[in-house]
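Chemist: Predicted coordinates and the sequence they were generated for:
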Number of protein chains: 2
Amino acid sequence: MTAPRTGREVHLTSRPDGMPTPQDFALVQRALPALDDGQVLVRNLVMSVDPYMRGRMNDVPSYVPPFQLDQVLDGGAVGEVVESRSDSLSTGDVVLHGFGWRDYAVGAASGFRRVDAAAAPLSAYLGVLGMPGLTAYAGLLEVAVMKECDVVFVSGAAGAVGSMVGQIARLKGAARVIGSAGTAAKVDHVLGLGFDAAFDYKQGSVRRQLRAAAPDGIDVYFDNVGGDHLEAAIGSLRLHGRVALCGAISAYNETHAPPGPRNLALAIGKRLTLRGFIVNDHNHLRRTFLEEVGGWLRDGRLRWEETTVHGLENAPSAFIGLLHGENTGKMVVDLSGGSA
Amino acid sequence: MTAPRTGREVHLTSRPDGMPTPQDFALVQRALPALDDGQVLVRNLVMSVDPYMRGRMNDVPSYVPPFQLDQVLDGGAVGEVVESRSDSLSTGDVVLHGFGWRDYAVGAASGFRRVDAAAAPLSAYLGVLGMPGLTAYAGLLEVAVMKECDVVFVSGAAGAVGSMVGQIARLKGAARVIGSAGTAAKVDHVLGLGFDAAFDYKQGSVRRQLRAAAPDGIDVYFDNVGGDHLEAAIGSLRLHGRVALCGAISAYNETHAPPGPRNLALAIGKRLTLRGFIVNDHNHLRRTFLEEVGGWLRDGRLRWEETTVHGLENAPSAFIGLLHGENTGKMVVDLSGGSA
């Protein structure tokens, strides 16, 4: 294959005020630089859109720096090396890296990690075997310290992280696993994954529905959404209960800060622990995670789903759809269909 | 001394709606029962009023059962054995126990623990060497896991617990200790205890005053009050910061649940841990606590203050005053002046 001279990339052109719109993004054609020594050129095959990216669109300091206006967005992607001036990677190697939102990526070979394209579909490295999978695994087992016979509740249960949390909890011996999701179809999907109970949070009070699903209370809450869910969980948590604070998607597009849980003082008498985390702090678990989750996948004991949008030009709408909950499982953008 | 035939006790006659009033209490004269084998009769000399008692006045399940209407209140007290039918305690022994809010207590000797009346003033066993002291010690060191060079912030810093938290933090090598209190006189008192900074939370925004006192942020927040303080602390906490949730006095008399911290989602990116606790879970620290804090007291390295109200009949107003912040240091009721 002849190396291309130009590539397309998606830029952030304005900072969203509330929910992002397609007008906040632009597809831009750019010349690709010639490779320096040690660099590779990678053709992206699939890229990730993730909820955390919404935070990076605001100009506030956070655990990852904000996206810059009129610059290319980035994020997880898997691609194929099409040109290499590095000894460590060869043409044809399939690699995981952080230069998404573009057809082609150029960079030092050290920024790309080879993955086994025969062992799993490429998109698995962006989901079940990638960042969302490790997030679920580390958050449940290391942050919330789930123990056998715990009753576990997870919000966003049909999403990339939530669907893993529930299944891992079940495989690790939870007494009962409860999930919430935003449509009847997602609730069915979650029940199909083996959750003991699930409810549609748009069809009634989270507090009442959680209480019905777990009348004796819960021990662990894995929070992907914040808001009402967190308050309901604090109400249902039993003595020494634990919350892994992973995401707050309910608030990501709010222009005014919503009130926090009004019942947080219950944490005193119940001796609750609430702990925020991000996956980057848990890379020491990656090997165990890949062995254990990889094994469950091969055995068919763990299922995963994805929602695929095709074409780089549709990456912004995939991302906006994700924030609207239009995905079941991991949302990915397939880039293999064409390029400039 | 001839054993008395009757004693006075304070009953809860109605459950307060919001801030308690004197009308919620009654002073009642009652015949004292004759002692059974193994029992002692104790004349109370000093009793404790504590913020946690407000929660027990509501008819809701909590970590201690609610007070019963038209029954005597109870709580920490120190008294002198005046009659004994037990081999383990003798007349004249000074004992710590949980039968406060009365002139005389009758019970099995096992419910009373002898204290050294020569080593410290009796009220110390209700404060600096008692439950509030252990609360400060355990909450700071075991729950918030304070480390050397941490910047520590404590609310209610002039109170029984808060004044200990700040001094222990300083003695354990905190880089900087900041306190908040509710009057200018308390702020002066706190600064006199060796806090590096203190502010009057009624004189301006907690968030702004905390930011001015700790421009580079804080590592530990010991929360006695909840509300605005907790939100301000979450805003100021640095990466891997920790909150010991000990009390929420700002909300105890609210008839509607106040909003929780609107910025709780910051806990994710900052990897914060918020942990509720009650002192009863930390009795394994009691020996270390008594050795270490007792040593600091003897060396004059740790100071403590109390606010004393005289007479059992004034126990309700002492308690109400405590909820209004009328105390500096531990609030106690001296009962040694007279009895029925």
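Modeler: Nice, I can see it.
Chemist: For the stretch 1-150 of chain A, which residues are neighbours of chain B?
Modeler: A:Gly55, A:Ser62, A:Tyr63 (C-beta under 8 Å from any C-beta of the partner chain). Placement of C-beta: from N, CA and C, glycine included.
Chemist: Check whether the second one really touches A:Gly55, as I assumed.
Modeler: Yes. Using C-beta atoms under 8 Å, A:Ser62 is in contact with A:Gly55, at 5.4 Å.
Chemist: neighbour count winner among the two?
Modeler: Neighbour count, other C-beta atoms under 10 Å in any protein chain shown: between A:Ser62 and A:Gly55, A:Gly55 has more, with 19 against 15.
Chemist: quick one: secondary structure of the more buried one?
Modeler: Under DSSP: H, G, I helix; E, B strand; the rest coil, A:Gly55 falls in the helix class.
Chemist: Distance-wise, check it relative to A:Thr183.
Modeler: Applying C-beta to C-beta, to the nearest Å, the value for A:Gly55 to A:Thr183 is 25 Å.
Chemist: which residue packs closest to A:Ser250, ignoring adjacent ones?
Modeler: In space, and not counting its chain neighbours, A:Ser250 is closest to A:Gly227: 3.8 Å by C-beta to C-beta, 6 or more residues apart in numbering or on different chains.
Chemist: Contact partners for the residue in the stretch 201-340 of chain A that chain B sits nearest to?
Modeler: Chain B sits closest to A:Gly260 of the stretch 201-340 of chain A, with a gap of 3.0 Å, by C-beta to the nearest C-beta. The contact partners of A:Gly260, taken as C-beta atoms under 8 Å, 6 or more residues apart in numbering or on different chains, are A:Leu230, B:Glu231, B:Pro259, B:Gly260, B:Pro261, B:Arg262, B:Asn263, B:Leu264.
Chemist: filter those residues to the buried ones?
Modeler: Buried subset of those (neighbour count, 16 or more other C-beta atoms under 10 Å in any protein chain shown): A:Leu230, B:Glu231, B:Gly260, B:Pro261, B:Arg262, B:Asn263, B:Leu264.
Chemist: Including secondary structure, could the residues you listed go into JSON lines?
Modeler: Converted to JSON lines, the buried ones among the contacts of A:Gly260 look like this (three-state DSSP):
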{"residue": "A:Leu230", "secondary structure": "helix"}
{"residue": "B:Glu231", "secondary structure": "helix"}
{"residue": "B:Gly260", "secondary structure": "strand"}
{"residue": "B:Pro261", "secondary structure": "coil"}
{"residue": "B:Arg262", "secondary structure": "coil"}
{"residue": "B:Asn263", "secondary structure": "coil"}
{"residue": "B:Leu264", "secondary structure": "coil"}
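Chemist: distance of the closest residue to A:Leu69 other than its chain neighbours from B:Pro259?
Modeler: Nearest residue to A:Leu69 in three dimensions, chain neighbours excluded: A:Leu12, at 6.0 Å (C-beta to C-beta, 6+ apart). With distances taken as C-beta to C-beta, A:Leu12 is found 32 Å from B:Pro259.
Chemist: quick one: contacts of stretch A:10-30?
Modeler: A:6-9, A:54, A:57-59, A:67-73, A:101-102, A:253-255, A:312-313, A:315-317, A:319-320, A:323-324, A:340.
Chemist: can you pull up the bridge partners for A:Ala198?
Modeler: Counting by DSSP bridges, A:Ala198 is bridged to A:Gly179.
Chemist: who's in contact with it?
Modeler: By C-beta under 8 Å, 6+ apart, the contact list for A:Ala198 reads A:Ala157, A:Ile178, A:Gly179, A:Ser180, A:Ala181, A:Val187, A:Val190, A:Leu191, A:Ala213.
Chemist: let's see 10 Å
Modeler: Under the criterion of C-beta atoms under 10 Å, 6 or more residues apart in numbering or on different chains, the neighbours of A:Ala198 are A:154, A:157-158, A:166, A:177-181, A:186-192, A:209, A:213.
Chemist: Type out the ChimeraX command that picks the buried ones from the residues you listed.
Modeler: Listed next is the ChimeraX selection for buried residues among these, using 16+ other C-beta under 10 Å:
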select /A:154,157,158,166,177,178,179,180,181,186,187,189,190,209,213
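Chemist: Now do the lowest-mean-pLDDT helix or strand in chain A: everything it contacts.
Modeler: Counting by mean pLDDT, DSSP states H and E, the weakest-scoring helix or strand in chain A turns out to be helix A:52-56, with a mean of 90. Helix A:52-56 is contacted from outside by A:12, A:16, A:19-20, A:50, A:62-68, A:73-76, A:100-101, A:131, A:135, A:246-249, A:251-253, A:278-279, A:319-320, A:322-323, B:265, B:268-269, using C-beta under 10 Å, 6+ apart.
Chemist: are any of those residues buried, and which?
Modeler: A:12, A:16, A:20, A:50, A:63, A:67, A:73-76, A:100-101, A:131, A:135, A:246-249, A:251-253, A:278-279, A:319-320, A:322-323, B:265, B:268-269.
Chemist: And the residue in the stretch 51-200 of chain A positioned nearest to chain B, how far from A:Thr308?
Modeler: For the stretch 51-200 of chain A and chain B, the shortest gap (C-beta to the nearest C-beta) falls at A:Tyr63, measuring 4.1 Å. Between A:Tyr63 and A:Thr308 the computed distance is 28 Å (C-beta to C-beta).
Chemist: And A:Ile168, by the same measure?
Modeler: Plainly put, A:Ile168 is 23 Å away from A:Thr308 if you go by C-beta to C-beta.
Chemist: Comparing the two, which residue is more hemmed in?
Modeler: Under the criterion of other C-beta under 10 Å, the comparison of A:Ile168 against A:Thr308 puts A:Ile168 first, with 26 against 14.
Chemist: Could you say which helix or strand holds the more buried one?
Modeler: Take DSSP states H and E as the rule and A:Ile168 turns out to sit in helix A:160-171.
Chemist: Can you show me the CA trace of that helix as CSV?
Modeler: Provided in CSV are the C-alpha atoms of helix A:160-171 (Å, rounded to 0.1, in the frame of the first residue of the first chain):
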residue,chain,number,x,y,z
ALA,A,160,-19.8,-0.6,28.0
VAL,A,161,-18.7,-0.3,31.6
GLY,A,162,-22.0,-1.2,33.4
SER,A,163,-22.7,-4.4,31.5
MET,A,164,-19.2,-5.6,32.5
VAL,A,165,-19.7,-4.6,36.1
GLY,A,166,-22.8,-6.7,36.5
GLN,A,167,-21.4,-9.7,34.8
ILE,A,168,-18.1,-9.6,36.7
ALA,A,169,-20.0,-9.2,39.9
ARG,A,170,-22.1,-12.3,39.1
LEU,A,171,-19.0,-14.3,38.1
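Chemist: Which neighbouring elements make contact with that helix?
Modeler: Applying 3 or more C-beta pairs under 10 Å, 6 or more residues apart in numbering or on different chains; DSSP states H and E, one finds that helix A:160-171 contacts helix A:131-138, strand A:151-154, strand A:176-181, helix A:184-192, strand A:218-223, helix A:286-299, strand A:330-334.
Chemist: can you give me the angle that helix makes with strand A:218-223?
Modeler: For helix A:160-171 against strand A:218-223, the angle between stretch directions is 160 degrees (axes from the mean of the first three to the mean of the last three C-alpha atoms, to 10 degrees).
Chemist: Return the distance of helix A:160-171 from the chain's centre.
Modeler: Computed by C-alpha atoms, centre = their mean, to the nearest Å, the separation of helix A:160-171 from the middle of its chain amounts to 13 Å.
Chemist: How far off centre is the least confident helix or strand of chain A?
Modeler: Here helix A:52-56 is found 11 Å from its chain centre; the criterion is C-alpha atoms, centre = their mean.
Chemist: CA-only coordinates of the very next helix or strand once past that helix in PDB, if you can.
Modeler: Following helix A:52-56 in sequence order, the next helix or strand is strand A:77-84 (DSSP H and E). Taking Å, rounded to 0.1, in the frame of the first residue of the first chain, the C-alpha atoms of strand A:77-84 are listed here in PDB:
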ATOM      1  CA  ALA A  77      -8.400   3.600  18.500                       C
ATOM      2  CA  VAL A  78      -7.100   0.500  16.800                       C
ATOM      3  CA  GLY A  79      -5.300   0.600  13.500                       C
ATOM      4  CA  GLU A  80      -2.800  -1.000  11.200                       C
ATOM      5  CA  VAL A  81       0.700   0.100  10.700                       C
ATOM      6  CA  VAL A  82       1.100   1.100   7.000                       C
ATOM      7  CA  GLU A  83       4.600   2.600   7.200                       C
ATOM      8  CA  SER A  84       7.300   2.300   9.800                       C
END
